[in-house]
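**Q** compute the structure for the input listed below.
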Amino acid sequence: MLGTLAANRTHPPSEECTDSHAHGSPDRIARPPAVTAAARGGVAGPVSGGGHPWRKRPRRVAGVALPTDDRLARELLDGLTEAVLTVDPAGVVTMVNAVAAELLPEVSPGMDLAGCPVPALADAARAGAETFETAHHGRRLRGLRRRLADDHGAWYVHDVTEEHARNDALLAERSRTAFLAQAGSRLGLSLHRDQTLCTAVTLPVPYLADVAVVVHRPPPPAEDKPHWIRYAAGEPGPATGVAGWRTVASVPGLVEALDGDRSEPSPWLDAELADLAEMLPAGFGRPGTVLISPMPGAGGPAGALVLARRLGRPGFDEREIGLAQEFAGRVGAAVAAADLYGEQAHLARVLQNSLLPPRLPQLPGMTLAGGYRAAGDSLRIGGDFYDLFSTPHGGLFALGDVCGKGVGAAVLTGRVRQSLQTLRLVEPRPRELLELLNRALLDAPDAARRAQFTTLLLGALRREPDGGLRVRVAGGGHPAPLVVRAGGGIETVRVGGMPVGALPGARFVDTEVRLAPGDLLLAYTDGVTQARGGPTEPAMFGDTRLRRALASGAGLPPDALVERVLRLVDEWLGGQPHDDVAMLAVAAA
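**A** Residues are numbered from 1 along each chain as shown. Here you go, the predicted structure:
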């Protein structure tokens, strides 16, 4: 509208008319003393119907009548929601509307705009720029210049403070979301306590603080003293240490955070260096602002997150305090998960050590060797096992395969081995021992629900005067052992029987075999012959390949022969998944 008004202001070649409002107060539209009728919206020249030649008639632009009354035009301009100020060809301000007077109180009509006290606007006027943006009186202003007729101009100034605030809030929320997403991803990938703590102190630097410290209590059996881990901008990696309780107590809010205080954290201003010097890097100086947030865990407080900023850096605002609190909560949950995983890993290691095949004892007059491969289980425990017990006349070996694999099979494996350890004291004969074991397993409280069984070989070893070995073998549904003669012949020890722990009336069979010096007996689980692999199409390793491997290794000591078979099976598998594998070789010394 203002541009149209200015465009309609022309100077006729003759007859000037004096406007009584030409020299009004400064807040009104300023115009030269002589203003033509055309400039007020009149039309010069004769008017039909005998009207006065200078009679005012409204101009029409795009079908809309423009006002000819200056006061009405002023009211319209003052009613705009944007600031408007106009300048003449010399750059002198000719008009300032109400919004402009509020946003730019320093600018008034008659002022040279290039020298006004608003630097950004003055610079734009001097440079002939079309736009400017500046912070003024706590508001954010954006100006746009429009050229008017006769080299006049108008500046439209918008208050974009709220727009900037919305944009800043959107960017801040995006940054916050990205930070939390990265934190969740990295914390979720770690299942080890130390790695989780390293992530907890490296992520907030420098986004939230110049240095981050996590104060925590390590899990037992470590000493009950607060430990800390720290990372600061510029350091090559996190540093760790042990803090005394006196140091912890000297830091306001730290003891409460370690005790799991869920109250809203508040920044600690003007921190004293002595309070945190033990946990801060050398040369950090006195912190400007410190924020302490508790790290709640599933089973109790997991520690406290300490964020410190250097002097000169702005303090924590409400958004950053909330972000730090949420991040500390995620760290606490991750540390609790890592602690739980650590406890489970510790229990698994204890279980593993108790269930792994034992180190075989040395028995006079005989040599034994065992081999074991778990079925790709991370715990390295499974359902295949072997064991060796010393007896007054020699020894008793056991090799078995529990139905299933993994932890469930390992539990039953432990039960079978413990039962054998006890029952052999009252019954040393292999077949009778299998019958006792069968009854013991079926009498267990959870036998019906478990529905598991075991295939088993038991062998009683007795030395002979000529240096040979007499072996009585009893079978409970297990693959028959093989005898490797010194000359390369392979014989099968025929034992059958039924699986142990499956049926109350299970029948078991035993037989006797003699090992001359140089002969060897190999007992194995079906994980050897059923190993599926091969250079082309998958196939089982099979009895034929096993016999061929044993024949080519005739005369080798038990440990060398077992290692040879395991290597051939591994090569056949080629890294493919497999069942548990166990072997036990016996020979005369």
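**Q** alpha carbons only for contacts and neighbour counts from here, please
**A** Will do.
**Q** contact partners for Thr367?
**A** 557-558, 586-589 (Cα atoms under 8 Å, 6 or more residues apart in numbering).
**Q** whichever strand or helix holds it pairs with which strands, parallel or anti?
**A** Taking DSSP states H and E as the definition, Thr367 sits inside strand 366-373. Applying DSSP bridges, strand 366-373 is found paired with strand 581-588 (antiparallel).
**Q** now the strand it pairs with, how far from the centre of its chain.
**A** Chain-centre distance of strand 581-588: 47 Å, with Cα atoms, centre = their mean, to the nearest Å.
**Q** give me the contact list for it.
**A** 365-375, 384-386, 399, 467-469, 515-528, 557-559, 562.
**Q** these, buried ones only, as a PyMOL selection?
**A** A single PyMOL command is used to select the members of the contacts of strand 581-588 judged buried by 16 or more other Cα atoms under 10 Å:
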select buried, resi 365+366+367+368+369+370+371+372+373+374+375+384+385+386+399+468+469+515+516+517+518+519+520+521+522+523+524+525+526+527+528+557+558+559+562
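**Q** which of the contacts of strand 581-588 fall in helices?
**A** Under the assignment DSSP state H, those contribute 526-528, 558-559, 562 to helices.
**Q** closest to Gly184 out of these?
**A** Gly527 (41.9 Å; Cα to Cα).
**Q** quick check: the nearest residue to the closest one once chain neighbours are set aside vs Pro481, distance?
**A** Nearest residue to Gly527 in three dimensions, chain neighbours excluded: Val581, at 4.7 Å (Cα to Cα, 6 or more residues apart in numbering). Counting by Cα to Cα, to the nearest Å, the gap from Val581 to Pro481 is 14 Å.
**Q** and for Ala588, the neighbour number?
**A** By the criterion of other Cα atoms under 10 Å, Ala588 has 23 neighbours.
**Q** burial count for Leu340?
**A** 17.
**Q** sorry, slip of the keys, the one I care about is Arg330.
**A** Arg330, neighbours per other Cα under 10 Å, totals 21.
**Q** please enumerate the strands of the stretch 1-150 of the chain.
**A** 17-18, 34-35, 60-61, 64-65, 83-87, 93-96, 131-136, 139-147 (DSSP state E, counting those that start in this stretch).
**Q** do the same with the stretch 301-450 of the chain
**A** Using DSSP E, counting those that start in this stretch, strands in the stretch 301-450 of the chain cover 366-373, 384-391, 394-402.
**Q** what sits against the residue lying closest to Met583 once chain neighbours are set aside?
**A** Distances taken as Cα to Cα, 6+ apart place Tyr524 nearest to Met583, at 4.3 Å, with adjacent residues excluded. By Cα under 8 Å, 6+ apart, the residues touching Tyr524 are 399, 479, 481, 581-584.
**Q** which members of those are the farthest-apart pair?
**A** Longest span within the contacts of Tyr524, Cα to Cα: Pro481 and Val581, 14.3 Å.
**Q** from the contact counts, what lies against the helix or strand containing Cys198?
**A** Using DSSP H and E, Cys198 falls within helix 193-202. Where contact means 3 or more Cα pairs under 8 Å, 6 or more residues apart in numbering; DSSP states H and E, helix 193-202 is packed against helix 161-189, strand 211-216, strand 227-232, helix 318-355.
**Q** for the third one, which strands pair with it and how are they oriented?
**A** When you say that, I think you mean strand 227-232. When DSSP bridges is applied, strand 227-232 pairs with strand 211-216 (antiparallel), strand 239-242 (antiparallel).
**Q** quick one: average pLDDT of it?
**A** Strand 227-232 comes out with an average pLDDT of 93.
**Q** and the angle for it with helix 193-202?
**A** 40 degrees (axes from the mean of the first three to the mean of the last three Cα atoms, to 10 degrees).
**Q** check the longest one too.
**A** Put simply, helix 318-355 runs at 170 degrees to helix 193-202, going by the same axes, to 10 degrees.
**Q** so what's the closest residue to Val157 other than its chain neighbours up against?
**A** Excluding its sequence neighbours, the residue lying closest to Val157 (Cα to Cα, 6+ apart) is Gly143, at 4.2 Å. Contacts here follow Cα under 8 Å, 6+ apart; on that basis Gly143 touches 121, 131-133, 155-158.
**Q** one more time with 7 Å
**A** Each residue near Gly143 by Cα atoms under 7 Å, 6 or more residues apart in numbering is listed here: 131-133, 155-158.
**Q** what's around Gly487, how many residues?
**A** Gly487: 11 neighbours (other Cα under 10 Å).
**Q** give the bridge partners for the residue nearest to Val242 when sequence neighbours are not counted, please.
**A** In this structure, Val242 finds its nearest non-sequential neighbour in His227, 4.3 Å apart by Cα to Cα, 6+ apart. On the basis of DSSP bridges, His227 is bridged to His216, Val242.
**Q** how about the contacts made by His227?
**A** 215-218, 241-243.
**Q** ChimeraX command to pick out the buried ones of those residues?
**A** Typed into ChimeraX, the line below selects the buried ones among the contacts of His227, using 16+ other Cα under 10 Å:
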select :215,216,217,218,242,243
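**Q** what is the nearest of the contacts of His227 to Phe316?
**A** Val215 (20.2 Å).
**Q** do you know how far the residue lying closest to the closest one once chain neighbours are set aside is from Val248?
**A** Counting by Cα to Cα, 6+ apart, Val215 lies nearest to Trp228, which is 4.4 Å off, once chain neighbours are set aside. According to Cα to Cα, Trp228 and Val248 sit 10 Å apart.
**Q** the more surrounded of those two?
**A** A direct count of neighbours by other Cα under 10 Å for Trp228 and Val248 places Trp228 higher, at 22 against 18.
**Q** so who does the more buried one touch?
**A** Trp228 touches 213-216, 240-243, counting by Cα under 7 Å, 6+ apart.
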